[in-house]
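Q: Test case, fold it:
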Amino acid sequence: MTRKYPLEKLRNFGIVAHVDAGKTTTSERVLFYTGMSHKIGEVHDGEAVTDWMEQERERGITITSAAISCDWQPTYAKDDPSKKHTFNIIDTPGHIDFTAEVKRSMRVLDGAVVVFDAVAGVEPQSETNWRYAEEVKVPRICFINKLDRTGASFERSFQSILDRLSTKAVRAQLPIGEEDAHEGVVDLLSRKSYRFEGQMGIDIIEGDVPEEMKEDVEKYRAELVEKIVEQDEDAMNAYLEGNEPDYETLKTLLRKAVIANDVFLVYTGSALKNKGVQLILDAVVDYLPSPLDLPPVTGINPKTDEEEERKPSDDEPFAALAFKLQTDPFVGQLTFFRVYSGTMKSGSYVYNATSGNKERIGRIVRLQADKREEVEEVYTGEIAAAVGLKDTKTSHTLCDEAKPIILEEMTFPEPVVAARIEPKTKQDQEKMGIALNKLSDEDPTFKVSTDPETLETIIAGMGELHLDILVDRMKREFNVDAELGKPQVAYRETIQGTKEAEVKYIKQTGGRGQYGHVKINIKPLEEIEEDAKIAKNIDREDHFEFINSIKGGVIPAEYIPAVKKGIKEAMERGIVAGYPMVDISVDLFDGSFHDVDSSEIAFKIAASQAFQEAAKGAQPVLLEPIMKVEVVTPEQFMGDVTGNLSSMRGAVESMDDRGNAKVVTAKVPLSEMFGYTTTLRSMTEGRANATMEFSHYAVVPHNVAEEIKAQRG
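A: Coordinates of the predicted model:
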């Protein structure tokens with residue numbers, strides 16, 4: 001088999017936007033105009049091809065990225081087969097809870113079409129998506145959609161792109177009319193108007209610029225041309241002398257500027273009313289890069305630890321990045337990957353450089369949303385999915401074993417919301433473990449753990465909607481019924497003072513009695529230097545130290561382990577509110593025994609009672625987990641954010657700038673953080689986001705400790 005099309009005719013791009021800006025509606029038009037579907041499915045009818053999961057259709061939002069392959073013949077070259085291009089398109093989610101899907105898609109795309117709602121302009125998730133694209137330097141084209149809506153304004157939306165995202169944005173089109181009067185668009189570079197007629201706007205009617213728009217067109221066209229000629233000194237000099245470069249030269253220079261991220265072109269239209277989408281596809285062909293336009297991908301050779309690169313060519317050694325796993329009810333696990341160099345055949349073996357294992361490629365499928373086409377071989381630049389990979393996870397590198405390389409791994413945000421999950425029946429118990437493993441393999445921001453104290457299963461994700469969807473998927477895809485509980489905090493207890501205690505445990509029954517007598521001293525555990533030697537009589541564990549100071553055999557050696565065991569069991573039960581006790585040093589310094597009546601159980605009980613008595617008098621306190629919280633917020637909400645953190649017993653540690661945003665770092669108790677994501681979004685019009693991670697344990701203030709004690713009863 002050989003490649004059907006040359007590499008320079010390939011475009012890998014994503015459609016990204018804030019939730020409800022019209023990404024999926026735009027994708028559906030793309031499928032229709034490229035001949036992939038014969039009718040247009042609408043999101044509001046639950047009929048969209050790329051929203052193929054039941055949960056997506058019910059909620060009218062995109063949850064997983066859908067990959068589509070299709071061909072496009074530019075509208076200006078309908079009769080020239082040599083101009084035909086192949087597209088791999090990924091329609092990504094816009095909801096903040098599924099942000100990992102956007103992040104991983106950006107990593108494997110060469111370009112992006114960023115869709116904006118003409119009424120709202122730049123929205124919070126648009127800013128996050130733009131930031132992800134900036135991180136990996138993906139060239140972008142902007143599409144101001146929904147120009148037919150009441151309240152739509154091209155100029156206001158364009159201004160929000162300049163203010164919030166980039167000053168490099170420049171108009172490529174102007175709309176002919178807005179709201180109900182929206183008829184079409186004017187292309188600034190060619191000075192032509194376009195109206196869309198016939199079934200689903202399939203007939204494009206080219207015309208002259210309307211008389212009333214000529215002044216604006218010339219004004220904004222001059223802005224665009226100035227941006228273009230800045231790319232080339234000769235063109236700049238000629239332009240300043242009054243000689244504008246010809247149309248084809250301008251297009252060539254503009255392509256160079258877009259690929260270098262020096263210019264972001266802004267287009268407009270209404271996907272729902274079938275206006276402007278075909279011209280976006282033309283722009284993808286004209287201005288977004290093919291794999292050949294981008295620098296070679298770099299990675300580390302695991303044998304030498306040296307950096308190597310792979311050029312985008314079928315003749316280079318094979319290298320691909322697995323960027324997504326998906327459980328498919330019909331074929332099992334699908335591993336999506338992007339080929340950066342070389343080719344791969346189905347039935348062949350590949351080397352997973354990240355794990356060090358070899359894997360056999362069972363079948364290779366190219367995806368058309370939820371339908372799939374089996375292929376024998378994939379080539380450089382392609383995005384496909386493999387069936388049958390057992391050991392490959394998100395971000396692993398697949399490559400040629402003779403020429404190994406590890407491509408840069410993707411990093412994902414840490415989960416911010418956790419809850420316990422319980423199966424409804426015994427049968428669900430086993431199935432739940434399998435389902436949770438598969439779902440956490442698919443989604444790097446979904447974590448599963450077991451609480452060591454309660455042995456409950458804890459799941460953590462990016463938000464409450466995220467966890468709800470995952471529990472819903474467990475029910476539908478894995479037939480597991482499970483219930484989500486409320487989030488819990490793992491408190492601890494410790495002491496702040498020192499105290500001695502003495503207990504004689506004497507029990508006389510008929511026959512042999514029980515006798516155990518211990519004297520102990522307890523104090524807070526002190527940190528010791530790593531290289532400091534610990535005395536032989538000190539038994540040190542995590543958060544606990546046992547010192548055996550018995551001299552002259554006043555307690556026989558065989559009873560010492562029982563004393564330690566009794567103390568540890570008492571520590572598990574706690575003194576203040578029944579939580580485990582930590583960071584305590586116990587010194588056993590005296591006691592006595594009875595030749596006949598002493599036993600291990602007697603010393604264990606005596607030690608346990610002595611510890612409880614001492615702990616009550618050693619200023620016992622409750623400890624709570626403190627989280628390090630980072631909030632990224634626009635400047636105007638800074639006061640609200642810091643005030644709110646302070647009201648949650650938080651201590652603000654620093655305030656820094658990051659681009660146009662402010663970053664607040666604080667230490668806040670975990671118990672105050674539940675529901676914070678929702679509070680933060682409502683407080684900042686949804687424009688701020690927060691991440692948190694465990695920092696340390698700290699003493700709970702007295703009034704809060706009293707509330708916790710009361711709840712524990």
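Q: Which parts of the stretch 451-600 of the chain are helices?
A: Ranges of helices in the stretch 451-600 of the chain, per DSSP state H, counting those that start in this stretch, are 464-478, 560-573, 600-616.
Q: What lies in contact with the longest one?
A: For helix 600-616, the surrounding residues in contact (CB atoms under 8 Å, 6 or more residues apart in numbering) are 495, 499-505, 507, 514-522, 555, 558-559, 561-567, 569-571, 575, 581, 584, 586, 588, 591. C-betas here are computed from N, CA, C, even on glycine.
Q: ok, back up a step: so which of the helices of the stretch 451-600 of the chain is the most packed in?
A: Across these, averaging neighbours per residue (mean count of other CB atoms under 10 Å) puts helix 600-616 on top, at a mean of 23.
Q: Can you check what angle separates that helix from helix 560-573?
A: Here the directions of helix 600-616 and helix 560-573 differ by 40 degrees (axes from the mean of the first three to the mean of the last three CA atoms, to 10 degrees).
Q: Direction included, what does the following helix or strand past helix 600-616 pair against?
A: With elements assigned by DSSP states H and E, the helix or strand that comes after helix 600-616 is strand 620-634. Within its sheet, and counting by DSSP bridges, strand 620-634 is paired with strand 492-495 (antiparallel), strand 661-669 (antiparallel), strand 689-699 (antiparallel).
Q: in strand 620-634, what counts as buried?
A: Residues of strand 620-634 classed as buried by neighbour count (16 or more other CB atoms under 10 Å): 620-627, 629-634.
Q: now it: mean pLDDT?
A: Average pLDDT, strand 620-634: 86.
Q: and that strand, how far from the chain's centre?
A: For strand 620-634, the distance from its own C-alpha centre to the chain's C-alpha centre is 21 Å (CA atoms, centre = their mean, to the nearest Å).
Q: ok, so what distance separates D587 from G566?
A: Noted for D587: a distance of 15 Å to G566, by CB to CB, to the nearest Å.
Q: same thing with V582?
A: From V582 to G566 the distance is 18 Å (CB to CB).
Q: Dump the strands paired with strand 620-634 to JSON lines, plus distance to T678 and mean pLDDT.
A: Output for the strands paired with strand 620-634, formatted as JSON lines (distance: least, CB to CB, whole Å; pLDDT from 0 to 100):
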{"stretch": "strand 492-495", "distance to T678": "28", "mean pLDDT": "92"}
{"stretch": "strand 661-669", "distance to T678": "15", "mean pLDDT": "86"}
{"stretch": "strand 689-699", "distance to T678": "11", "mean pLDDT": "76"}
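Q: Relative to V350, which of those is closest?
A: strand 689-699 (34.5 Å; CB to CB).
Q: hey, where'd the helices end up in the stretch 151-300 of the chain?
A: 154-164, 214-229, 233-240, 247-259, 277-287.
Q: Which strands and helices lie in contact with the first one?
A: Spelled out, it's helix 154-164. strand 111-117, strand 140-145, strand 169-171, strand 264-268 (3 or more CB pairs under 8 Å, 6 or more residues apart in numbering; DSSP states H and E).
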